[in-house]
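Peer 1: Sequence and predicted model, in that order:
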Amino acid sequence: MISVCLPTKNAGPQFARNLRAWRQQRTEEEFELVVVDSGSRDATLSTARELGARLHTIPPQQFNHGETRNLLARQARGDLLVFTVQDARPANEAVLAELTRPLRQQPGLAAVTGKQLPHPDADPVAQWEVHYHNSVLDPAPAWQPPLRNLSGNFLHRLRGLAFDNVCSALHRRVWQQLPFARLDYAEDLDWALRARRAGHSFLRNPAARVYHSHNRQPYQRLKRAFVARRATNRILELAPNLPSLNEEEILSGIGTYAAVLALLRHQLGAAHEPVKQLRLPTSPLHPFRRALCRAPLAPVQRLASRLRSRFVPDRLCGDFNAAARPLVSFHGGLARSKARFVTLQLGLQVLGDFLGDFAYAAERQGSVPDWWEELSSYLASGV
């Protein structure tokens, strides 16, 4: 038997359509829908009941990405566990079969993961996010053998763990050996690393496709980026990529970055359409510092970390430019209004990533400053 497992909270008006698409899957096996809800106040509970899901509720404060999925697995009756999310919709009626058939046919396979597509109403940044996610994972081999060593840069390590619970399936027996960890984010990435280190193999099957993307408010994007980057750095066991920075350097640098971001948005109001480039200024020192950071020799990298003049705004503006180039190219240019929208959204995404890197570096260096605690708590809340 197959169990389709969904954590929910205030899933919104699209939930009925999404859940119905799971209910209408065509498989040769019996399957069930299992929902654990953490405090919905909209129609989520009634929708789940009407569409025949087995429903369990918990108080909102008990929700945790890892533990709630463990609870879903305990509530489920199937020997195959399919994990998805409330805002993911199968692209066709064969998704469930594409996720589970390889597990039946290949006894040595522990888990299967699928591919995401943007929802039809995805905004320009949400469309790009899904495209970028796929561009990172698509080059990875479909068959992921047991993992011996976690090495390489951020993208190389992420590509080596091509697995996510937006669209995944695994054997119950493997989950029983390796339940999800109690984590507030990226429980799937953590589980994939532990499972492959334990000798298990995965398969990425792009034929199992679901629509999944997020049109976020700007500050939601900032907070989500912070939590995601900090958690991913921890799980991937990356070396910190920031020098030790004090409060004045960070806050003044962010202030400079915010000013040039606001200036770019103002200038876009009179830009020619379509807008073909979004670029923030960096200092002449920035490319030299980046070249030093790429050098493999530790003394050279230490020299780069000492070149502190405009380090924070250069890092932020440089990361913005690096992300904006492929995004604008992907869309073939942007209308002025969309360019202004993308600038704000991407600007806060980059800031969230930077703050996540800072939090991780401070943790690894054992020097988390007092002033950071309150800000970090705010950024991590409600994500």
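Peer 2: Looks like it came in fine.
Peer 1: how deep is the closest residue in space to Gly108 that isn't next to it in sequence tucked in, by neighbour count?
Peer 2: Excluding the flanking residues, the one nearest Gly108 by Cβ to Cβ, 6 or more residues apart in numbering is Ser201, at 6.1 Å. C-beta: built from backbone N, CA, C; applies to glycine. Other residues near Ser201 number 16, with proximity taken as other Cβ atoms under 10 Å.
Peer 1: Regarding Ala208, what is its secondary structure?
Peer 2: strand (DSSP: H, G, I helix; E, B strand; the rest coil).
Peer 1: Could you pull out the buried residues of stretch 244-256?
Peer 2: 245, 250, 253-254, 256 (16 or more other Cβ atoms under 10 Å).
Peer 1: now swap in stretch 139-159 and tell me
Peer 2: Of the residues in stretch 139-159, 144, 147, 150, 157-159 count as buried by neighbour count, 16+ other Cβ under 10 Å.
Peer 1: quick one on the thing from earlier: ok, what's across the strand from the residue nearest to Gly108?
Peer 2: Beta-bridge pairing for Ser201 (DSSP bridges): Leu109.
Peer 1: for Pro218, what are its contacts?
Peer 2: 344-345, 348 (Cβ atoms under 8 Å, 6 or more residues apart in numbering).
Peer 1: Okay, it and Leu261: tell me how far apart.
Peer 2: Per Cβ to Cβ, to the nearest Å, Pro218 is found 11 Å from Leu261.
Peer 1: shared neighbours, those two?
Peer 2: Listed as contacting both Pro218 and Leu261 by Cβ under 8 Å, 6+ apart are Leu344.
Peer 1: Not counting sequence-adjacent ones, nearest residue to Ala48?
Peer 2: Closest residue in space to Ala48, ignoring its immediate chain neighbours: Val35 at 4.5 Å, by Cβ to Cβ, 6+ apart.
Peer 1: Repeat that for Leu355.
Peer 2: Counting by Cβ to Cβ, 6+ apart, Phe226 is the residue found nearest to Leu355 once chain neighbours are left out, at 4.9 Å.
Peer 1: Double-check that the one you found belongs to a strand.
Peer 2: No - applying three-state DSSP, one finds Phe226 to be helix, outside a strand.
Peer 1: Hmm, it is touching Gln349, no?
Peer 2: No - under the criterion of Cβ atoms under 8 Å, Phe226 is not in contact with Gln349, lying 9.8 Å apart.
Peer 1: all strands of the stretch 101-250 of the chain, in order?
Peer 2: Assigned by DSSP state E, counting those that start in this stretch, the stretch 101-250 of the chain shows strands spanning 109-117, 143-144, 167-171, 201-211.
Peer 1: Looking at the ones you listed, which is nearest to Glu30?
Peer 2: strand 167-171 (15.1 Å; Cβ to Cβ).
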